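Colleague: Generate coordinates for the sequence data below:
(2 chains)
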Amino acid sequence: MSEQAADNILELTNLTKRFGPNGAGKTTLFNNVTGLFQPTSGRVVFDGRDITGSKPHQVARWGIARTFQNIRLFDYMSCLDNVRVGRHVRMKAKVWDSLFKLPRERREEERVSEEAMELLRFVGIGKQANQYARNLPYGQQRRLEIARALATDPKLLLLDEPAAGFTPQEKVELMQLVKKILGRGITVFLIEHDMKVVMGISERIVVLDHGEKIAEGSPDEVRKDVRVIEAYLGKSA
Amino acid sequence: MSRAVFTRFHLRERIRDRDAAVYGILLIAALLFPIIDIYATGGTADVSQATRAGYFVLLAIGLNVVVGFAGLLDLGYAAFFAIGAYTYALLASPQLASSPAHHAVHINFWILIFVSMFAAGAAGAILGFPTLRLRGDYLAIVTLGFGEIVPQLFYNFDQWTGGINAVGIIDQPHLPFWIQGPWSGDGPFQIVSNFNFNGDPLAFYVLIVILTGIAVVLVSNLYRSRLGRAWMAIREDEVAAAAMGINTVTTKLLAFGIGASFSGFAGAFYAADVSLVSPDNFLFIVSITVLVMVVLGGMGNISGVIIGALVLYFLVFYLIPGLPENAKNLANSVGLGSLNSKSGDWPGLAEEIGRLNFIIYGAILVGMMLLRPQGILPSRVREQELKHAAVQEEEAVVELTHAS
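Modeller: Residues are numbered from 1 along each chain as shown, chains lettered A, B, ... in the order given. Down below sits the predicted model:
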């Protein structure tokens, strides 16, 4: 299992809320937070609200969006539609509105399409709007997934190894994108192995090992932490 | 590069143009068909056939919402058709007078059409509620069971439904006014008030064309809406859809309910037109025929599904039943008339072809799927999926040959 790996680094930036005392592993923690699986113990508190055991769609409504470790896009929908699906939770159109294309539904559709285009441009794939998601190259698929998550208007964005399989150059570009997202006032919570990536943009870092938190603090503090070094490099003596 | 982007942008436009062209042709054909047909044959038998094809078009459009948009395989779709038809039949015929209610009910067609839609839609939601947690094959099996149970219920609640005796003498629709003219053999052009359909094939035909047109507009609207995208998202990846804030349970229920209500709509119309509703009209074969129409026409693409329904209807209810007679006449006219007479084990050409009906039907279906696996007029999605599958297969073959 992935959480047994010694390089489990959990990173938090701007994150003010605390998660339950026993985060299991990296992705498991994400799955618990986003309601995909119920945590066996502990509570998930977000924005002062206990969201333990909420359904995934409710979690999205509260303002938590995520990406997946193994990209999960809607393959046979256009990029624009992918992002518009992300907007779903903030749209008001009911069945009747859509059925009869009422003016307010029309206006909402127009607005949402524009917003979606803007998000595609924001992550840098505006030109691919009408392509199928699955026809995008790998790096752009990761970006599209981020755009889709941003479309839900999250307060907290969970990125599950967004730089996996990236070249150093792509990683730099991704980190620029993350900074831009932070600039929008969105809290980003990302899972990452690459120390360089992590150290560069984080305000707070949490290190997990075997599902347990072994360190938490600023990048400098974490860098010097004995247990982190042990976990990363193995016990020397 | 910019050129590539350019053509891609236009692909979408072209697809929309194709749909517009198909709808245009269908509309013109629907308008011209009765005129030409009545002029050529002097009767309205073919117009009645076309009206029946119309129910199947409606059914296929409804099933396409469930199967094509939301990706939920429904093998019991005829059950909702039955519920719609029986709702109309019971509430607009003398049937209930001989039931424990002892009182015949005659409600207006136009009200009942909505009641039937609602009844079928509610049945869809009720079926969906406990079963939509199931996925893929499991869901298909449960819907299959539902499709078997419903006709049995109508069959066995014979106190109310008349069981095997069927419900007959069903009321005809009324309209406050109607236009008559030489085309319907009623003398000069005139506007009649308080028009009773009374089995008039042309009137039913006009009505079903209009209703189908409305259905197409409504479903196209849904397809390009928040709900339509949610359906497709669930079809593509349920987990990701839920993470994007889509309530997968209610969204799937809506697909089931809306799909079923189209079926109920078609059912009410069917009951009014044929004026006789029996449990045998809604067996498994009806569900399968509609499903084949959807798959063959091009899953997920409304115009394709309409074409599929028309082609298959023509095949199943017109071409194949007429085959023995046509073969006999053909044999006579080319001088092989001896084939038509019985001799020994040979039952005569017409009889022999009649026995081969299902083999011919099956062979045509297999042939069509081989020639156009994506359907007659596929959605862009299916086209792409099959292309990708083919490419992957090729790549796998190439890898294998390299490895060996």
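
Colleague: Please make it C-alpha for all contacts and neighbour counts, starting now.
Modeller: Will do.

Colleague: and whichever residue of chain A sits closest to chain B, what does it touch?
Modeller: Residue of chain A nearest chain B, by C-alpha to the nearest C-alpha: residue A:57 (3.7 Å). Residue A:57 sits next to B:242-247 when contact means C-alpha atoms under 8 Å, 6 or more residues apart in numbering or on different chains.

Colleague: Which helix or strand contains it?
Modeller: Element membership for residue A:57 (DSSP states H and E) is helix A:56-62.

Colleague: confidence score at the residue of chain A closest to chain B?
Modeller: pLDDT for residue A:57: 91.

Colleague: C-terminal to the helix or strand of chain A with the lowest mean pLDDT, what's the next element?
Modeller: Lowest by mean pLDDT, DSSP states H and E among the helices and strands of chain A is strand A:9-12, with a mean of 36. Where DSSP H and E defines the elements, the next helix or strand beyond strand A:9-12 is helix A:26-33.

Colleague: Output the set of residues of chain A in proximity to chain B.
Modeller: Within chain A, the positions near chain B by C-alpha under 8 Å from any C-alpha of the partner chain are A:34, A:56-61, A:65-66, A:72-77, A:81, A:84-89, A:91, A:93, A:95, A:98-101, A:109, A:127-128, A:130-131, A:148-149, A:152.

Colleague: now, which of these lie within helices?
Modeller: A:56-61, A:81, A:84-87, A:95, A:98-99, A:109, A:148-149 (DSSP state H).

Colleague: filter those to the buried ones?
Modeller: A:56-61, A:81, A:84-87, A:95, A:98-99, A:109, A:148-149 (16 or more other C-alpha atoms under 10 Å in any protein chain shown).

Colleague: re the thing from before, distance from the chain centre to the helix holding residue A:57, please.
Modeller: Distance, stretch centre to chain centre, for helix A:56-62: 14 Å (C-alpha atoms, centre = their mean, to the nearest Å).

Colleague: how about the CA coordinates for it, as PDB?
Modeller: Extracted C-alpha coordinates of helix A:56-62, given in PDB (Å, rounded to 0.1, in the frame of the first residue of the first chain):
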ATOM      1  CA  PRO A  56     -19.000  13.200  -1.900                       C
ATOM      2  CA  HIS A  57     -21.400  15.500  -3.600                       C
ATOM      3  CA  GLN A  58     -22.200  17.200  -0.300                       C
ATOM      4  CA  VAL A  59     -18.500  17.700   0.400                       C
ATOM      5  CA  ALA A  60     -18.100  19.400  -3.000                       C
ATOM      6  CA  ARG A  61     -21.000  21.700  -2.000                       C
ATOM      7  CA  TRP A  62     -19.300  22.700   1.200                       C
END
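
Colleague: how much space between residue B:377 and chain A?
Modeller: 17 Å (C-alpha to the nearest C-alpha, to the nearest Å).

Colleague: does that residue sit in a helix, a strand or a coil?
Modeller: Secondary structure, DSSP: H, G, I helix; E, B strand; the rest coil: residue B:377 is coil.

Colleague: Could you tell me which residues make contact with it?
Modeller: Contacts of residue B:377 by C-alpha under 8 Å, 6+ apart are B:297-298, B:301, B:303-305, B:307.

Colleague: Which residue comes closest to it once chain neighbours are left out?
Modeller: Spatially, and ignoring its direct neighbours in sequence, residue B:377 is nearest to residue B:304 (4.4 Å; C-alpha to C-alpha, 6 or more residues apart in numbering or on different chains).

Colleague: can I assume the one you found is in contact with residue B:297?
Modeller: Yes. The criterion here is C-alpha atoms under 8 Å, and residue B:304 meets it with residue B:297 at 4.7 Å.

Colleague: Neighbour count: those two, which is higher?
Modeller: Taking neighbours as other C-alpha atoms under 10 Å in any protein chain shown, residue B:304 and residue B:297 compare with residue B:297 leading, 30 against 25.

Colleague: The more buried one is in what secondary structure piece?
Modeller: Under the criterion of DSSP H and E, residue B:297 resides in helix B:284-298.

Colleague: Give me the contacts around that helix.
Modeller: With contact meaning C-alpha under 8 Å, 6+ apart, helix B:284-298 is reached by B:56, B:59-61, B:63-64, B:68, B:75-78, B:147-148, B:304-309, B:312, B:368-369, B:373-379, B:382.

Colleague: From residue A:64, how far off is the residue of chain A closest to chain B?
Modeller: 10 Å (C-alpha to C-alpha, to the nearest Å).
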